[in-house]
Each structure stands twice: as structure tokens, then as C-alpha cells.
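S.K.: coords please:
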Amino acid sequence: MTVADFAVQAIVARALMMTFPNAVLVGEESADALRNEETGEVLGAVTKFVRTIHGDARGDLICDWIDAGNGEASGGFWTLDPIDGTKGFMRREQYAIALAYIEDGAVQFGALGCPNLSLNGNEGAILVAVRGAGCYLVPDPGRAPERLRVSEVSDPSQTRLLRSVEAGHTNISQIDHIAERLKITADPVPMDSQAKYAALAAGTGDAILRLLSPKRPDYKECIWDQAAGSIVVEEAGGKVTDLLGEALDFGHGTHLTANTGVCVSNGRLHEALLEAVAATSPA
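M.R.: Numbering: from 1, shown residues only. From the prediction side, this is the model:
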């Protein structure tokens with residue numbers, strides 16, 4: 001976690017609670033470390049940044065705002081990843097602020113803010129998706145919202161794979177085997193965070209695979225790492241399942257315990273990808 005993680009969660013949580021006073025928020029961060037630190041140095045840094053938005057913010061209030069994200073992940077609730085792709089953020093590459101609303105295990109709304117992702121002539125990208133109403137790129141001032149659609153690529157060999165930069169988040173060797181099996185000619189594009197989902201929704205990539213890392217074979221995805229990105233892609237016409245082809249079930253707390261990995265595509269390539277995943281999975 002970084003100072004930015006705490007600051008963003010405080011700002012977003014406060015805005016959410018001001019707009020929806022009864023909202024339940026499940027955030028990635030907790031203020032415990034800030035409340036318990038001896039010097040207050042980190043809290044001081046967080047306070048400095050939060051005050052650029054809320055000039056009178058105090059450290060104790062900021063901790064309360066952050067801990068507004070300690071809600072229960074059941075029924076209807078919001079989930080937030082304040083900085084998805086922390087290492088990408090620190091490298092000044094791709095990262096995302098991801099907010100989603102979940103009701104009875106299904107994502108109903110999602111928003112991705114990707115400050116370093118350029119889409120369709122916009123420097124930085126904000127995507128918003130509502131179940132049944134489409135996915136839209138919120139443009140630079142003075143331009144109308146633009147509805148996004150996934151690519152129409154249907155030949156598996158032409159797939160543009162987007163994969164995690166961090167090897168610990170996937171299985172690089174298996175991705176290579178999948179690419180070989182599908183005769184994919186282009187190298188996978190490494191990209192941090194749910195910015196990959198935004199790129200796929202805009203048609204600049206065709207598939208994302210969250211495979212099981214050999215170092216973490218029993219890993220279950222956190223809901224805030226997938227919720228906003230999944231509805232953004234689905235409402236742009238794509239498909240999101242786990243590696244067995246099952247729909248993602250967000251109704252089991254903070255992790256996708258009913259699912260294994262994630263397969264995301266423009267829809268046309270989905271079955272070919274799932275077959276390749278099954279054929280190349282470690283015994």
C-alpha cells in the first residue's frame with residue numbers, strides 16, 4: 001500500500017457517504033496502520049494530499065473516512081480498489097481507481113479511472129458501465145460521452161493478449177503455451193491493473209487471462225480486483241468468466257471463492273481461449 005492508496009480511499013469513501021448516506025463500502029484499505037503508527041509520518045503525508053481536495057481535513061477524520069470501507073460484503077454494497085496496480089502507479093505506468101456496486105452477487109455498476117491510459121484521443125480515461133445500459137468513455141471537457149465496443153476479432157491467431165506485468169499474478173509459461181497453441185503471432189502486451197479491462201472494452205486488446213501462478217495455486221481473486229473491470233467489459237459486448245467458463249460470483253465475501261482464475265475476451269474468442277487454457281493447464 002502507498003500514501004496514495006489511503007488518500008484515494010478517504011476521498012472516494014467520503015464522497016460516496018455524502019451522496020449515499022446509507023451506503024455500505026468494502027474497500028481494500030484499513031486505517032489501522034495509520035492510527036497505530038508512532039510518528040504519524042504516513043498519516044501526515046496522507047493528510048497533506050487529502051487536503052488538496054478537502055482543505056480542512058484532519059487526521060482523525062481521514063482515518064474515519066478510510067474505515068468507512070470496512071463494510072460487510074453482502075446484499076447490496078460498493079467495493080473500491082483505491083489504487084489497483086500499485087507497482088504500475090509507482091513506475092508511473094498503468095494503474096486504475098476501481099469502484100463498483102454489487103447486489104446479490106452480481107455487479108450492477110462499475111467505474112474505472114485510468115489516468116495514464118490514452119483511449120480514442122483522450123489523455124487519461126474514465127469508463128462507466130451500468131448493467132443493461134452499456135459502457136461509456138467519459139471524455140475530455142467539451143466532448144460527448146462515447147459508447148465503447150469490444151473488438152470484432154474472431155480468428156484466435158490474431159488475438160491481442162493483455163497480461164499482468166507481475167509474474168506472480170499469472171502463469172507466464174502457460175500463457176506462452178496458450179499463444180503457441182492458438183498460433184498467436186503478436187507478443188502479449190504487459191499492463192498493470194484493470195486498465196487492461198478498459199483497453200479491452202475500447203477494442204485495443206482482445207483477451208485477458210488471470211491464470212494461477214505456480215507460487216499461489218490456490219489463490220482466489222479479490223472482488224475489488226475484478227468487479228469494476230468485469231462489468232465494463234461485459235457492457236462493451238465482451239465476456240467474463242473464470243477459467244472453467246463459469247460466471248464470476250461476487251456473493252461470497254471479499255474473494256471470488258466460487259471461481260478459479262479469470263478469462264476475459266471480446267466474446268468471439270472466448271471458447272477458443274477456454275479450450276486452450278484447459279489443454280495447457282498443469283496436471
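S.K.: element containing Cys63, please.
M.R.: Assigned by DSSP states H and E, Cys63 belongs to helix 59-67.
S.K.: ok, for the residue nearest to the spatial centre of the chain, nearest residue in space, not its chain neighbours?
M.R.: Centroid-nearest residue in the chain: Gln194, 3.6 Å away (criterion: CA atoms, centre = their mean). The shortest distance from Gln194 to any non-neighbouring residue, by CB to CB, 6 or more residues apart in numbering, is to Gly229 (3.8 Å). In short, each C-beta sits where N, CA and C put it, glycine included.
S.K.: need the per-residue pLDDT for the residue lying closest to Asp67 once chain neighbours are set aside.
M.R.: Closest residue to Asp67 apart from its sequence neighbours, by CB to CB, 6+ apart: Ala31 at 4.9 Å. Ala31 is assigned a predicted lDDT (pLDDT) of 96.
S.K.: surely Ala31 and Phe6 touch.
M.R.: Yes - in this structure, Ala31 is within contact of Phe6 by CB atoms under 8 Å, at 7.4 Å.
S.K.: run through the bridge partners of the closest residue to Phe109 other than its chain neighbours.
M.R.: The spatially closest residue to Phe109, leaving aside those adjacent along the chain, is Tyr101, at 4.1 Å (CB to CB, 6+ apart). Taking DSSP bridges, one finds Trp78, Phe109 as the beta-bridge partners of Tyr101.
S.K.: look up how far Asp60 lies from Gly40.
M.R.: 11 Å (CB to CB, to the nearest Å).
S.K.: nope, Asp206 is what I was after
M.R.: 48 Å.
S.K.: still on that earlier bit, got any residues that touch both of Ala31 and Phe6?
M.R.: Ile62, Ile66 (CB atoms under 8 Å, 6 or more residues apart in numbering).
S.K.: need the contact list for Asp104.
M.R.: With CB under 8 Å, 6+ apart, Asp104 has these contacts: Gly75, Gly76, Gly251.
S.K.: between the helix ranked longest in the chain and helix 59-67, how big is the angle?
M.R.: Longest helix of the chain, by residue count under DSSP state H: helix 3-19. If you take axes from the mean of the first three to the mean of the last three CA atoms, to 10 degrees, helix 3-19 sits at 80 degrees to helix 59-67.
S.K.: tell me the helix or strand right after helix 3-19.
M.R.: Past helix 3-19, the next helix or strand by DSSP H and E is strand 25-27.
S.K.: residues contacting that next one, please?
M.R.: By CB under 8 Å, 6+ apart, the list of residues contacting strand 25-27 reads 9, 13, 16-17, 66, 68-73, 77-82, 223-224, 254.
S.K.: next: stretch 271-281.
M.R.: Counting by CB under 8 Å, 6+ apart, 156, 159, 174, 177-178, 181-182, 207, 209, 211, 241, 243-245, 261, 263, 265 sit against stretch 271-281.
S.K.: need the contact list for Pro145.
M.R.: Tyr136, Leu137, Val138, Pro139.
S.K.: show me the helices in this structure, by range?
M.R.: Using DSSP H, helices in the chain cover 3-19, 32-36, 41-50, 59-67, 86-90, 172-181, 195-201, 227-235, 270-280.
S.K.: dump those helices to a markdown table, plus mean neighbour count.
M.R.: Converted to a markdown table, these look like this (neighbours: other CB atoms under 10 Å):
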| stretch | mean neighbour count |
| --- | --- |
| helix 3-19 | 21 |
| helix 32-36 | 14 |
| helix 41-50 | 18 |
| helix 59-67 | 20 |
| helix 86-90 | 18 |
| helix 172-181 | 17 |
| helix 195-201 | 29 |
| helix 227-235 | 29 |
| helix 270-280 | 18 |
